[in-house]
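Asks: I'd like to go over a predicted model; first the sequence, then the structure.
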Amino acid sequence: MTKCFDVCIRGDGVVGRTLALLLAKERLRVALVLRPDAPASADVRAYALNHASRQVLENLRVWPDQTFATPVQSMQVWGDAGAAIDFNAQAAKQDALTWIVDVPQLEAQLLQACSYQSLMETVSAPVDAPLTIICEGQKSSTRADMRVSWTKRAYAQKAIAARLDADLPHGGLARQWFTENGEVLALLPMGGPEGTSLALVWSVNDAHASQLEHLPPEAFCDQLVAACKHTAGLVNLRLISPRSSWPLTLGSADRWVGPGWALAGDAAHTVHPLAGQGLNLGLADAASLCQVLAAREYWRNLGDEKLLRRYERARGANVAAVSAVTDGLQTLFAQTQPAWQSSRNWGMNGFAASQPFKNWLTQRAAGKHL
């Protein structure tokens, strides 16, 4: 006998699994399409998740413990000519600025939660349902089948990710450098508040990426330490994982919904990782779409396009704003002329002197006013 489902979710990454659990919690019958098995490789991804994302995951009881979700108590950001900005959770009256979450651990906890949810089932191929939700990422083939136009602009950069060990405990401090050649380097605390592990996300120009990807581990760390300007605690960095890399693009779909289908996460939008907002946007998509479906009129079908457009309207402005900010910052620091360098560092110093503005921005980044 053929099983009946209310929703079919294509894509079982963090956003897809989270959305499946949220919808099943609303008593909807969900089919989650598993991705084809990929070649085994070390997953070194880590994401900065804000308060709004944490609340979504805590409500599903899948938030990792602090060994795998390290609270960031402070953050230091350096410009390319000596300007610097400090953020502090205590000054902003928050328990943490953000949390650095180990993606493999989060995916494992989501998968375990899915296995206990009686109203959802994992399937190897798409099934018929009144609503199909596409969470396949920016290279989604299903999105193309829906004749959705995908606009993409390449940044001529790659993100290089890896795990490192430092000579001193990180103390919950995240660090980020904007360099004179438009590259962005972030070292994020992992392994709990007293840990010495760091997650690296280094957005580098294509030619530099090709060089860094093939350096021996010791030479790679030497270049990394130099890029960190020999900051205290980062002099003796050791590579403890393989390096992974991927091209960086700004991408957006021309429409997020249609009759019987909706896009969520990277299938709908991608942004530069410099602000660490990519997965936060995807989880906010999942929460918003679930709220719209749960609040629908009793007579309205789940795949009703008018219903789904409520979700598109609810999320569109926020995603557009984050995309504009991250793209604007990347474009600003990609300018190498002295006048640009002087102006942006003057602006950073002015921003650093304004605690109220820093607190406001911290609240926005936390997802508390989105």
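Replies: Nice, I can see it. Numbering: from 1, shown residues only.

Asks: Where does the prediction get shaky in the stretch 51-200 of the chain?
Replies: Applying pLDDT under 70 to the stretch 51-200 of the chain flags residues 80-82.

Asks: can you give me the helices in it?
Replies: 51-59, 103-116, 141-145 (DSSP state H, counting those that start in this stretch).

Asks: Could I get the contacting residues of residue 6?
Replies: 23, 28, 29, 30, 129, 130, 131, 302 (CB atoms under 8 Å, 6 or more residues apart in numbering). Where C-beta positions appear, they are placed from N, C-alpha and C, glycine not excepted.

Asks: Got a ChimeraX select line for the buried ones in these?
Replies: Command for ChimeraX that selects the buried part of the contacts of residue 6, burial taken from 16 or more other CB atoms under 10 Å:
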select :23,28,29,30,129,131,302
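
Asks: just checking, which of the contacts of residue 6 belong to strands?
Replies: Using DSSP state E, the members of the contacts of residue 6 that fall in strands are 30, 131.

Asks: Out of the contacts of residue 6, flag the one nearest to residue 111.
Replies: Comparing these against residue 111 with CB to CB places residue 30 closest, at 14.1 Å.

Asks: re earlier: could you dump the contacts of residue 6 to CSV with distance to residue 75?
Replies: As requested, the contacts of residue 6 are exported to CSV (distance: CB to CB, whole Å):
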residue, distance to residue 75
23, 34
28, 39
29, 43
30, 37
129, 43
130, 44
131, 39
302, 41
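
Asks: can you tell me the distance between the two ends of stretch 59-78?
Replies: 36 Å (CA to CA, to the nearest Å).

Asks: hmm, I was thinking of stretch 226-246
Replies: OK, stretch 226-246 end separation, CA to CA: 23 Å.

Asks: buried stuff in that stretch?
Replies: Neighbour-count burial for stretch 226-246 flags 227, 228, 233, 234, 237, 239, 241, 243, 245 (criterion: 16+ other CB under 10 Å).

Asks: Next: stretch 103-116.
Replies: Neighbour-count burial for stretch 103-116 flags 103, 105, 106, 107, 109, 110, 113, 114 (criterion: 16+ other CB under 10 Å).

Asks: Over to stretch 46-56?
Replies: Buried-residue list, stretch 46-56, by 16+ other CB under 10 Å: 46, 47, 48, 49, 50, 51, 52, 53, 54, 56.

Asks: pretty sure the last one contacts residue 286?
Replies: The reference is to residue 56. Yes. With contact defined as CB atoms under 8 Å, residue 56 and residue 286 form a contacting pair (7.2 Å).

Asks: what residues are shared contacts of the two?
Replies: 18, 22.

Asks: Save the helices of the stretch 51-200 of the chain as JSON lines, and put in distance to residue 65 too.
Replies: Output for these, formatted as JSON lines (distance: least, CB to CB, whole Å):
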{"stretch": "helix 51-59", "distance to residue 65": "12"}
{"stretch": "helix 103-116", "distance to residue 65": "9"}
{"stretch": "helix 141-145", "distance to residue 65": "35"}
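
Asks: I'd say residue 262 and residue 286 touch.
Replies: No. Using CB under 8 Å as the test, residue 262 is too far from residue 286 to be in contact (10.7 Å).

Asks: Settle it for me: which of the two has more neighbours?
Replies: residue 262 (30 against 26; other CB atoms under 10 Å).

Asks: Who does that one form a beta bridge with?
Replies: residue 133, residue 257 (DSSP bridges).

Asks: In contact with it, which residues?
Replies: Residue 262 neighbours (CB under 8 Å, 6+ apart): 131, 132, 133, 134, 256, 289, 308, 311, 312.

Asks: What angle do helix 103-116 and the longest strand seen in the chain make with each other?
Replies: Across the chain, the longest stretch assigned as strand under DSSP E is strand 150-165. Interaxial angle, strand 150-165 versus helix 103-116 (axes from the mean of the first three to the mean of the last three CA atoms, to 10 degrees): 110 degrees.

Asks: Strand 150-165 pairs with which strands, and in what direction?
Replies: strand 197-205 (antiparallel), strand 238-239 (antiparallel), strand 244-253 (antiparallel).

Asks: Of the ones you listed, which is nearest residue 146?
Replies: Per CB to CB, nearest to residue 146 of these: strand 244-253, 9.3 Å.

Asks: buried residues in the closest one?
Replies: 245, 248, 249, 250, 251, 252, 253.

Asks: Is it possible to get JSON lines of the residues you listed that adds distance to residue 162 and pLDDT?
Replies: Compiled in JSON lines, the buried residues of strand 244-253 are given as follows (distance: CB to CB, whole Å; pLDDT from 0 to 100):
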{"residue": "245", "distance to residue 162": "9", "pLDDT": "91"}
{"residue": "248", "distance to residue 162": "16", "pLDDT": "90"}
{"residue": "249", "distance to residue 162": "21", "pLDDT": "90"}
{"residue": "250", "distance to residue 162": "24", "pLDDT": "89"}
{"residue": "251", "distance to residue 162": "24", "pLDDT": "92"}
{"residue": "252", "distance to residue 162": "29", "pLDDT": "94"}
{"residue": "253", "distance to residue 162": "31", "pLDDT": "94"}
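
Asks: could these go into JSON lines alongside distance to residue 138?
Replies: Below are the buried residues of strand 244-253 laid out as JSON lines (distance: CB to CB, whole Å):
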{"residue": "245", "distance to residue 138": "15"}
{"residue": "248", "distance to residue 138": "11"}
{"residue": "249", "distance to residue 138": "7"}
{"residue": "250", "distance to residue 138": "10"}
{"residue": "251", "distance to residue 138": "5"}
{"residue": "252", "distance to residue 138": "10"}
{"residue": "253", "distance to residue 138": "10"}
